[in-house]
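S.K.: Sequence and computational prediction follow.
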Amino acid sequence: MRVLVLDGPNLNLLGTREAALYGHETRASIEQTLRAWAADAHALTFVQSNHEGALIDALHAARGTQDGVVINAGAYTHTSVALRDALLAVELPAVEVHLTNVARREPFRHVSYLADVCVGTISGFGALGYRLALEALIDTLNARRAA
Ligand code: DQA
């Protein structure tokens, strides 16, 4: 399977950013873990941007070139109708991931514009969440192929 792992704003600072909340793992180490898990079975593409339009462009580029998306849209999760519309437009199965348990944080983080257009959400397991999200997505894609 071909999977786009898409990270939104401030996630480039993982490892140093509010480490008590987000942990010490960097995006590079998360990428390494996911690539090791996927081995030769799956092709992973990692994109991060601090810009809403660039994230939307990455989703548009994924149409026809990727089979699914793992997405941590960061703060855009709670604000971006445009990102939601892009996910709907490209018609790719997506799994939403958050390092923190957003349901236990400030009320404005309880709203996700993406959750109901994704297959599901993994939230609160730190960096491990990315591997769980990838596994869930691959499982979903395999089930759809078999159907
Ligand atoms: C986050 C949660 C968001 O509320 C926050 O804005 C982030 C990171 C997470 O992974 O826990 O940037 O998506």
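M.R.: It's in.
S.K.: which one's the longest helix in this structure?
M.R.: Across the chain, the longest stretch assigned as helix under DSSP state H is helix 128-146.
S.K.: tell me which residues in that one are buried?
M.R.: Going by neighbour count (16 or more other CB atoms under 10 Å), the buried part of helix 128-146 is L128, G129, Y130, R131, A133, L134, E135, A136, L137, I138, T140, L141. C-betas here are computed from N, CA, C, even on glycine.
S.K.: do the same with stretch 37-53
M.R.: Across stretch 37-53, burial judged by 16+ other CB under 10 Å covers A38, H42, L44, F46, V47, Q48, S49, E52.
S.K.: quick one on the thing from earlier: would CSV of the buried residues of helix 128-146 with pLDDT be doable?
M.R.: Below are those laid out as CSV (pLDDT from 0 to 100):
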residue, pLDDT
L128, 97
G129, 98
Y130, 98
R131, 98
A133, 98
L134, 98
E135, 98
A136, 98
L137, 98
I138, 98
T140, 98
L141, 98
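S.K.: Switch the residues you listed over to CSV; also include distance to the ligand.
M.R.: Formatted as CSV, these follow (distance: CB to the nearest ligand atom, whole Å):
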residue, distance to the ligand
L128, 12
G129, 8
Y130, 10
R131, 14
A133, 11
L134, 15
E135, 18
A136, 16
L137, 17
I138, 20
T140, 21
L141, 23
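S.K.: ok, so of the buried residues of stretch 37-53, who is nearest the ligand?
M.R.: The shortest gap between the ligand and any of these belongs to Q48, at 11.4 Å (CB to the nearest ligand atom).
S.K.: which residues touch the closest one?
M.R.: Q48 is in contact with L6, D7, G8, L11, N12, R27, counting by CB atoms under 8 Å, 6 or more residues apart in numbering.
S.K.: ok, which pair from those residues is furthest apart?
M.R.: L6 and N12 (12.6 Å; CB to CB).
S.K.: just checking, Y76 touches N10?
M.R.: No. Counting by CB atoms under 8 Å, N10 is not a contact partner of Y76; they are 10.2 Å apart.
S.K.: Sounds good, over and out.
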